[in-house]
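In: how does the following fold in three dimensions:
(one chain, ligands or ions: 1)
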Amino acid sequence: MRILLKNIEYLATFGNTGELSHAYILVENGVIKDVGKYTAEVEGQFNVDEVVDMSGRLVLPGFVNTHHHFFQTLTRNVKKVQDAKLFDWLAYLYEIWKWLDEESIRSATKIAIYEMMKSGVTTTSDMFYPSMKESPRLFDVEIESAMETGMRLHIARGGMSIGKKDGSLPPDEMIQTDDGILEEYQRVVEKYHDPSRYSMLRVALAPCTPFLVTPNLMRETLELAEKYDVLLHTHLAETLDEEKFCIERFGKRPVEYMESLGWLNPRVWFAHVVWVTDEEITKLQQGQVGIAHCPVSNMRLGSGIAPIHKMKGKLRIGLAVDGSASNDTNNMLQEMRIAMLLQRVEYGANAISPREVVHMATVGGARVLHMDDYIGKIEKGYAADMVAFRLDSVEMAGCLDDPLSAIVMCDAKEADFLMINGVVKIKDGELIGIDIAELVRKHNVLSRKLLSRRVDAH
Ligand SMILES: [Zn+2]
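Out: Predicted coordinates:
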């Protein structure tokens with residue numbers, strides 16, 4: 001299958017070709033075959049199955065979302081915790097999440113992914129940490145449902161081993177033993193992880209956070225990740241409450257604690273990383289870790305401002321929408337704009353440029369997930385993952401001095417076109433072959449049912 005995207009008004013490749021006006025891209029069997037300046041003769045040169053006219057469009061690599069919890073789309077905007085900070089928010093929602101079942105996971109996964117696609121995401125991670133003894137297949141259901149959408153995936157299997165009875169937050173029925181978690185890690189890597197180039201599904205290992213797992217589990221997970229050559233992921237330094245917990249329980253600040261466990265290494269990417277000192281940033285740099293920056297979630301829960309201005313150029317940094325209950329959207333465009341604005345609140349108008357933010361959302365995310373040899377750029381030999389936005393809408397009128405930055409500085413609304421692995425998922429602003437209205441209707445029924453199961457809901 002050969003597809004020609006012709007007459008692209010403005011193309012940002014983040015690769016060797018740089019930025020071009022009036023460009024074309026040739027795609028063959030899911031891979032980019034050629035990129036160049038478009039002229040009238042180009043169309044005749046290639047024998048193609050389909051031609052898509054991209055006049056009036058900005059085209060760029062699809063976005064890479066580096067941290068998420070899909071299941072939380074069932075508990076967005078829950079009234080009781082609209083104004084809660086992380087620990088109170090978690091404590092309340094766990095009593096709802098403990099009732100998750102296969103049907104609700106299936107729906108939540110699809111809602112999260114389709115909303116992300118609408119904002120230009122073509123690769124996403126997820127951290128799936130609920131584990132219920134009565135529903136042992138929940139993670140498998142998430143993987144199966146996510147694969148049905150055609151999204152490129154790097155899914156992290158979570159795990160929690162410290163529950164209420166040990167002084168932490170989750171209900172004990174959501175907690176597993178260290179051995180149970182390690183067995184599950186081994187099972188899912190062997191079953192699902194595809195390390196090949198152009199892989200549509202990779203698996204990472206993700207003990208949930210320092211306050212939800214034992215040091216033993218962190219160490220043994222690191223060993224397992226080395227054995228299977230997979231990545232490691234966890235939340236880190238998200239809030240001051242977490243910092244206090246780490247000092248009280250482990251006698252160390254979060255970064256220092258990770259260092260003691262051997263977790264400052266290139267195999268690791270951390271979500272949030274808000275409360276770190278300059279010395280700790282240097283340690284993270286020496287460890288060559290990656291960062292999933294989640295500004296909307298950090299603002300929503302009042303967690304703080306991650307010092308991205310100080311980290312950029314030193315660490316691999318990607319952007320992330322985080323779980324949908326602390327955002328409460330799956331909108332990567334919004335994340336990019338807010339990432340830029342928030343750094344400027346703290347560090348001034350030149351703290352971060354719109355181009356740097358788009359770079360984080362594409363190449364940056366690909367580097368965080370160790371997938372930058374085939375995604376994050378529009379370049380010959382790279383996977384055909386790309387997104388187009390209209391430059392001729394009322395929201396973008398008068399923005400053409402710098403069409404690429406316009407998607408951050410102005411309101412790009414949503415993707416007009418989206419391709420993943422050479423397959424067109426969105427055309428003329430519409431998701432192809434998906435009955436979204438029906439999915440939304442069923443999702444709201446499942447969400448209401450789930451919320452009603454909290455003991456004090458009635
Ligand atoms: Zn998270």
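In: and the nearest residue to residue 97 once chain neighbours are set aside, how many neighbours does it have?
Out: Excluding its sequence neighbours, the residue lying closest to residue 97 (C-beta to C-beta, 6 or more residues apart in numbering) is residue 130, at 5.6 Å. C-beta here means a position set from N, CA and C on the backbone, and glycine is covered the same way. Counted with other C-beta atoms under 10 Å, residues neighbouring residue 130 total 21.
In: residue 133 now?
Out: With other C-beta under 10 Å as criterion, residue 133 counts 10.
In: tell me the contacts of it?
Out: residue 173 (C-beta atoms under 8 Å, 6 or more residues apart in numbering).
In: where along the stretch 301-450 of the chain do the helices fall?
Out: In the stretch 301-450 of the chain, the helices defined using DSSP state H, counting those that start in this stretch lie at 308-311, 332-347, 354-359, 365-368, 406-409, 436-452.
In: typo on my end, the stretch 1-150 of the chain
Out: Using DSSP H, counting those that start in this stretch, helices in the stretch 1-150 of the chain cover 42-45, 86-97, 102-118, 138-149.
In: possible to save the ones you listed as a markdown table with mean neighbour count and mean pLDDT?
Out: A markdown table is the format used below for the helices of the stretch 1-150 of the chain (neighbours: other C-beta atoms under 10 Å; pLDDT from 0 to 100):
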| stretch | mean neighbour count | mean pLDDT |
| --- | --- | --- |
| helix 42-45 | 12 | 86 |
| helix 86-97 | 19 | 93 |
| helix 102-118 | 23 | 98 |
| helix 138-149 | 19 | 98 |
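In: could you save these as JSON lines and add columns showing distance to residue 262?
Out: Converted to JSON lines, the helices of the stretch 1-150 of the chain look like this (distance: least, C-beta to C-beta, whole Å):
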{"stretch": "helix 42-45", "distance to residue 262": "52"}
{"stretch": "helix 86-97", "distance to residue 262": "26"}
{"stretch": "helix 102-118", "distance to residue 262": "32"}
{"stretch": "helix 138-149", "distance to residue 262": "25"}
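In: which of these sits closest to residue 289?
Out: helix 86-97 (21.3 Å; C-beta to C-beta).
In: give me the contacts around the closest one.
Out: 71-72, 75, 78, 80-81, 84, 130, 169-171, 174, 238-239, 241-242, 301, 303, 325-326, 450-451, 453-455.
In: name the residues of stretch 439-451 that are buried.
Out: In terms of neighbour count (16 or more other C-beta atoms under 10 Å), stretch 439-451 has its buried residues at 442, 443, 446, 447, 450, 451.
In: I'd say the last one and residue 78 touch.
Out: It refers to residue 451. Yes: look at residue 451 against residue 78 with C-beta atoms under 8 Å: they come within range, at 6.8 Å.
In: what's the nearest residue to residue 306 if we skip its chain neighbours?
Out: residue 274 (4.6 Å).
In: isn't that neighbour right next to residue 308, touching?
Out: No: if you go by C-beta under 8 Å, residue 274 and residue 308 don't touch, sitting 9.9 Å apart.
In: and those two? which has more neighbours close in?
Out: Legend: neighbour count by other C-beta under 10 Å for residue 274 and residue 308, higher for residue 308 (26 against 21).
In: which residue lies nearest the spatial centre of the protein?
Out: residue 65 (2.5 Å; C-alpha atoms, centre = their mean).
In: return the closest of the buried residues of stretch 439-451 with respect to residue 436.
Out: Nearest member of these to residue 436, counting by C-beta to C-beta, is residue 443, at 10.0 Å.
In: for the residue nearest to the centre of the chain, which non-adjacent residue is closest in space?
Out: In this structure, residue 65 finds its nearest non-sequential neighbour in residue 124, 4.2 Å apart by C-beta to C-beta, 6+ apart.
In: related to what we said a few turns ago, and residue 284, which of the helices of the stretch 1-150 of the chain is closest to it?
Out: Closest among these, using C-beta to C-beta: helix 86-97, at 20.9 Å.
In: who touches the residue nearest to residue 306 in this structure?
Out: Neighbours of residue 274 in contact, by C-beta under 8 Å, 6+ apart: 237, 238, 239, 298, 303, 304, 305, 306, 307.
In: same question, residue 352
Out: 308, 309, 312, 339, 340, 343, 344.
In: residue 277: how many residues sit nearby?
Out: 13.
In: same question for residue 231.
Out: Per other C-beta under 10 Å, the neighbour tally for residue 231 reads 23.
In: that one contacts residue 221, correct?
Out: No: if you go by C-beta under 8 Å, residue 231 and residue 221 don't touch, sitting 11.1 Å apart.
In: quick check, pLDDT for the closest residue to residue 207 other than its chain neighbours.
Out: Closest residue in space to residue 207, ignoring its immediate chain neighbours: residue 213 at 4.0 Å, by C-beta to C-beta, 6+ apart. Reported pLDDT at residue 213 in the predicted model: 93.
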